[in-house]
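Trainee: What follows is a predicted structure for the sequence shown.
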Amino acid sequence: MSVIVRHVTKRYGAQKALDDVSIEVRPGGVFGLLGPNGAGKSTLMRIITGYLEPDSGQVEVCGIDVAKDIVNVRRLIGYLPENNPLYYDMYVREYLEFRAGVFGLRHKRQRIREVLEATGLTPEAHKKAGALSKGYKQRLGLAAALLHDPQVLILDEPTSGLDPNQVQDIRRLIVELGQSRIVIMSSHIMQEVEAVCSHAAIIAKGRIRADEPLDQLRRRGQGNVLTLRLERETSPEDLSRLEGVLSVKRTADGAWELRVMDPEGVRKNVFDWAVKNQNPILEFRTRQATMEDVFQLLTRDESEGLRSQDYSSLES
């Protein structure tokens with residue numbers, strides 16, 4: 001049982017939404033597809049589910065080529081899109097009965113009871129879908145995706161727009177679901193992936209920038225970030241040329257963040273550079289690098305003022 005994407009490319013006019021993307025997902029934990037808005041996450045999910053055709057490349061779901069047998073592939077997949085389309089005038093149980101009929105399920109009443117319990121919707125089953133809170137609407141979308149007991153569950157930004165308590169509830173449910181089937185979840189929030197996923201692929205501008213277990217991604221976060229504020233303007237190129245600096249980022253308040261592995265060595269280099277260039281340092285702080293720093297480094301392109309790095313340079 002697996003989902004395999006091989007060299008998939010998708011264009012919208014002149015824009016490449018996906019550029020030679022390859023990933024492989026197997027059971028055991030939740031697979032996170034992480035990237036900024038517009039990175040290509042939703043396009044990839046729609047191609048896996050068969051709702052979009054790639055311009056080139058191949059997708060297999062549990063050994064079935066999506067392009068050759070979409071009917072059987074859709075029987076294997078449960079899909080919760082980001083906009084979670086529901087019939088708001090239908091009652092919760094009525095909506096699930098309708099979905100069960102579409103799939104031609106036997107013993108549909110028993111299965112509806114099972115998914116209502118699994119998603120915590122039983123107390124809300126008497127309500128219309130439109131009367132549910134955003135969190136319970138997401139639960140209803142999940143219940144509908146689970147109704148035919150799919151081997152593969154694909155969730156596109158499943159906690160978008162939820163309050164903190166609802167987010168925690170949905171996260172716990174996704175982790176539980178990942179124990180018995182393949183679950184692929186997209187997000188643009190690093191903390192979301194850290195809380196739920198065991199493996200992640202980071203995508204930016206339609207290309208896979210990293211694809212590895214979360215533990216390995218966390219090791220990329222080892223190191224430090226130096227926050228530097230200068231009296232006069234300088235260029236990111238000047239700072240990136242300093243020995244020991246892996247990357248340079250400008251913050252919203254005008255400071256610079258330098259990603260480094262040896263803070264003491266780089267600190268000396270920065271002081272020497274500031275003296276040589278007669279540019280007084282107003283602030284200089286050090287903090288431990290986080291997964292958020294790794295995400296930003298892997299998804300930020302060179303046009304934003306960063307020196308291009310081989311990803312192995314992020315590892316300790």
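Mentor: Okay, I see it.
Trainee: Next one: the residue nearest to Asn224 when sequence neighbours are not counted from Leu142, what distance?
Mentor: Nearest residue to Asn224, sequence neighbours excluded (Cβ to Cβ, 6 or more residues apart in numbering): Pro263, at 4.5 Å. Placement of C-beta: from N, CA and C, glycine included. When distance is defined by Cβ to Cβ, to the nearest Å, Pro263 is 44 Å away from Leu142.
Trainee: repeat for Tyr87
Mentor: Look at Tyr87 and Leu142: by Cβ to Cβ, they are 16 Å apart.
Trainee: Looking at these two, which is more packed in?
Mentor: Comparing Tyr87 with Leu142 by neighbour count (other Cβ atoms under 10 Å), the higher total belongs to Leu142, at 25 against 13.
Trainee: quick one: secondary structure of the more buried one?
Mentor: When classified by DSSP: H, G, I helix; E, B strand; the rest coil, Leu142 comes out as helix.
Trainee: The nearest residue to it once chain neighbours are set aside: neighbouring residues, count only.
Mentor: Taking Cβ to Cβ, 6+ apart, and ignoring the residues beside it in sequence, Leu142 has Thr119 as its nearest neighbour in space, at 5.3 Å. Thr119 has 23 neighbours, counted by other Cβ under 10 Å.
Trainee: next one: Phe98
Mentor: For Phe98, the count of nearby residues is 12 (other Cβ under 10 Å).
Trainee: would it count as being in a strand?
Mentor: No. With three-state DSSP as the criterion, Phe98 is helix rather than part of a strand.
Trainee: Could you check how far it is from Thr122?
Mentor: Taken as Cβ to Cβ, the span from Phe98 to Thr122 is 18 Å.
Trainee: now Tyr136
Mentor: With distances taken as Cβ to Cβ, Tyr136 is found 11 Å from Thr122.
Trainee: And those two? Which one has more around it.
Mentor: Neighbours around Tyr136 and Thr122, counted as other Cβ under 10 Å, are more numerous at Tyr136. The numbers are 21 against 14.
Trainee: The helix or strand containing that one packs against which elements?
Mentor: Applying DSSP states H and E as the criterion places Tyr136 in helix 134-146. Helices and strands touching helix 134-146, by 3 or more Cβ pairs under 8 Å, 6 or more residues apart in numbering; DSSP states H and E, are strand 77-80, helix 92-103, helix 108-118, strand 152-156, helix 164-177.
Trainee: could these go into TSV alongside mean pLDDT and distance to Val275?
Mentor: Conversion of the helices and strands packed on helix 134-146 to TSV gives the following (pLDDT from 0 to 100; distance: least, Cβ to Cβ, whole Å):
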stretch	mean pLDDT	distance to Val275
strand 77-80	95	57
helix 92-103	94	69
helix 108-118	94	64
strand 152-156	95	52
helix 164-177	89	47
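Trainee: Reformat those as CSV; add distance to Arg11.
Mentor: Rendered in CSV, the data for the helices and strands packed on helix 134-146 read as follows (distance: least, Cβ to Cβ, whole Å):
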stretch, distance to Arg11
strand 77-80, 23
helix 92-103, 32
helix 108-118, 38
strand 152-156, 20
helix 164-177, 31
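Trainee: Many thanks, we can stop here.
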